[in-house]
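**Q** Sharing a model that was predicted from the sequence below.
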Amino acid sequence: METLTINGTLKTPEILLNAEKGMLEFKGRSIPENSTEFYKPVFDWINEYSKKPKSTTSVKMHLEYFNTSSSKCILDIFKKLEKIKKAGNEVSINWYYDEDDEDMLEAGEDYESIIKIPFKMIEVID
C-alpha cells in the first residue's frame, strides 16, 4: 500500500500515512476551505489500510489549531481507527499540545472521552 504524503500549508496540516510502519502523522494548522474535500484522501487511505492493518497502529496528532469543520473530520478519522482497534488490533494516539495551549489539551481530552482508543497527552515545551 502506498504511503500518503500531503505537504502542509498555512491552512492545511502536513500529513504522513505510512502503512508499512503503521504510522499516521498530522502536524500543523487545519483550517482548509473545505475540510471534507481536503481529508477525503485520508479517509480513503484509512479505509484501505483498515482491510489489512498492522497489528499496532500509532497516531501522532500535533495540530496547533483546527477549525470546527476540521474537528468533525478528525473525529471521523478517530472513528475509523476505532474500528481497526475493535477488530483486535492495537491503536494508540499521541496527542501533542504546546505547553501554554490549554484549548488543545482539552480538545484531546474531549476526543479521548468519545473514542475508545488510549490517548497519550504529550506536552511540547519550547
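**A** Cool, got the structure. Numbering: from 1, shown residues only.
**Q** quick one, strands of this protein?
**A** Here the chain has its strands, by DSSP state E, at 4-6, 14-18, 23-30, 56-66, 90-98, 119-124.
**Q** could the ones you listed be laid out in TSV, adding distance to residue 83 and mean neighbour count?
**A** Backbone N, C-alpha and C define where each C-beta goes, glycine included. Shown next, in TSV, are those (distance: least, Cβ to Cβ, whole Å; neighbours: other Cβ atoms under 10 Å):
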stretch	distance to residue 83	mean neighbour count
strand 4-6	19	15
strand 14-18	16	18
strand 23-30	14	20
strand 56-66	11	18
strand 90-98	10	19
strand 119-124	17	14
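**Q** Adding distance to residue 75 as columns, could you present those strands in CSV?
**A** Shown next, in CSV, are these (distance: least, Cβ to Cβ, whole Å):
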stretch, distance to residue 75
strand 4-6, 19
strand 14-18, 16
strand 23-30, 12
strand 56-66, 11
strand 90-98, 12
strand 119-124, 13
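**Q** Could you save those strands as CSV and add columns showing distance to residue 38 and mean pLDDT?
**A** Shown next, in CSV, are these (distance: least, Cβ to Cβ, whole Å; pLDDT from 0 to 100):
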stretch, distance to residue 38, mean pLDDT
strand 4-6, 8, 98
strand 14-18, 9, 98
strand 23-30, 8, 98
strand 56-66, 11, 97
strand 90-98, 20, 97
strand 119-124, 23, 97
